[in-house]
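> Sequence and computational prediction follow.
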Amino acid sequence: MHTAAGVEACLPIRSDMDLVWVRQHVRQAAARLGFGLVDQTKLVTAASELARNTLVHGGGGQLEVSLVTADGVSGLRLAFSDSGPGIPDLERALSDGYTSGDGLGMGLGGARRLVHDFEVESVPGSGTTVRVTSWVGRPPRPREEV
Amino acid sequence: MSEGFSRPVAGHVPVLRLGDVLLVTLQGDLHDSTAQQLQQDLSETIAHSRVTGVVIDISGVEIVDSFLGRVLAEIAAQAELLAARTVVAGMRPAVAITLVELGLTLPGLRTALTTEAAMELLAQPIVSSRSGGLRQGSP
């Protein structure tokens, strides 16, 4: 069970300058919560990938940062949302090597491997929301799950 | 080309020339546009200055995402076509762990643990990975 402790911040994602703010904000929030250096780096990298998706594929949007707790463990939840065209084929978008834009096709599938919980809601024509959560001190997910 | 190091502002990354090598030091959080500008500038600088090597020091870079990873790989590929070798130096362990998990292992990118080791690597005779190998001076 997740108990959301409220939205900590809401950041716009409209330009590559905003991507820098997103990374800095997520790093500071993760450090404050007590994430180790490797876990901070993973979460910030995932945030960078997802924020870039929001910007490039979603035409811009926003990031909502929430502090969550479950069974006494703290976590950071990041929700990236846009009102862009949506993702027509989610399964394909999550597979490695798939790209519809400028990159190496690691965006969505790669970001999923860097966090503990990952969910996508996408409605073709009205937008996409990607929600990821990482928990302080929890080991990475076993490979076969990812 | 600029002299000395400074904190990069948008659109500018200092590039130093040390003999036959260009030394680029990336620091902090790079804007996408700054990384792309660097990619363009470096190709032109390599062609003009006829250097044989490029060292990119990323010890001050906290994260490398797929965008920056792609820029580094493309810089190396462009340099290779302009007859210069690229070595990426000083990647932080947390960055290496994250890149592999992200699925971005960047094969073909030469790395060294420090800038000094990168310079030594470039000073060594070429063990050609490309069939070209024109630098070795064919008879």
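Good, I have the coordinates. The structure presented is a predicted model; accordingly, all values stated were derived computationally and were not measured.

> neighbours of residue 13, just the number please.
You didn't pick a chain, so chain A it is. 24 (other Cβ atoms under 10 Å in any protein chain shown). Any C-beta I mention is one placed from the backbone N, CA and C, and that applies to glycine too.

> wrong one, I was asking about chain B
20.

> Which strand or helix spans it?
For B:Val13, there is no host helix or strand (DSSP states H and E).

> With adjacent residues omitted, what lies nearest to it?
B:Leu38 (4.7 Å; Cβ to Cβ, 6 or more residues apart in numbering or on different chains).

> Does the one you found touch B:Pro14 like I think?
No - B:Leu38 is not in contact with B:Pro14 according to Cβ atoms under 8 Å; the separation is 10.0 Å.

> Chain B against chain A: which residues are in contact?
When proximity is defined by Cβ under 8 Å from any Cβ of the partner chain, chain B lies next to chain A at B:10, B:29, B:31-33, B:62-67, B:69-70, B:92-95, B:97-98, B:101-104.

> cutoff 7 Å now
B:29, B:31-33, B:62-63, B:65-67, B:69-70, B:94-95, B:97-98, B:101-104 (Cβ under 7 Å from any Cβ of the partner chain).

> Select only the buried ones of those in PyMOL?
Of those, the buried ones can be selected in PyMOL as follows, counting by 16 or more other Cβ atoms under 10 Å in any protein chain shown:
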select buried, chain B and resi 29+31+32+62+63+65+66+67+69+70+94+95+97+98+101+102+103+104
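
> where does the residue nearest to B:Val13 land in three-state SS?
Put simply, B:Leu38 is helix when judged by DSSP: H, G, I helix; E, B strand; the rest coil.

> Okay, helices next: where are they in chain A?
In chain A, the helices defined using DSSP state H lie at A:16-33, A:37-56, A:90-94, A:107-113.

> Lowest mean pLDDT across those, which one is that?
Lowest mean pLDDT within the helices of chain A: helix A:90-94, a mean of 76.

> Would you tell me which residues of chain A are close to chain B?
A:16-17, A:19-20, A:23-24, A:37-38, A:41-42, A:44-45, A:48-49, A:52, A:96, A:103-104, A:106-107, A:110, A:113-114.

> Compare neighbour counts for B:Leu38 and B:Pro14 and give me the winner.
With neighbours defined as other Cβ under 10 Å, B:Leu38 and B:Pro14 compare such that B:Leu38 has more, 24 against 18.
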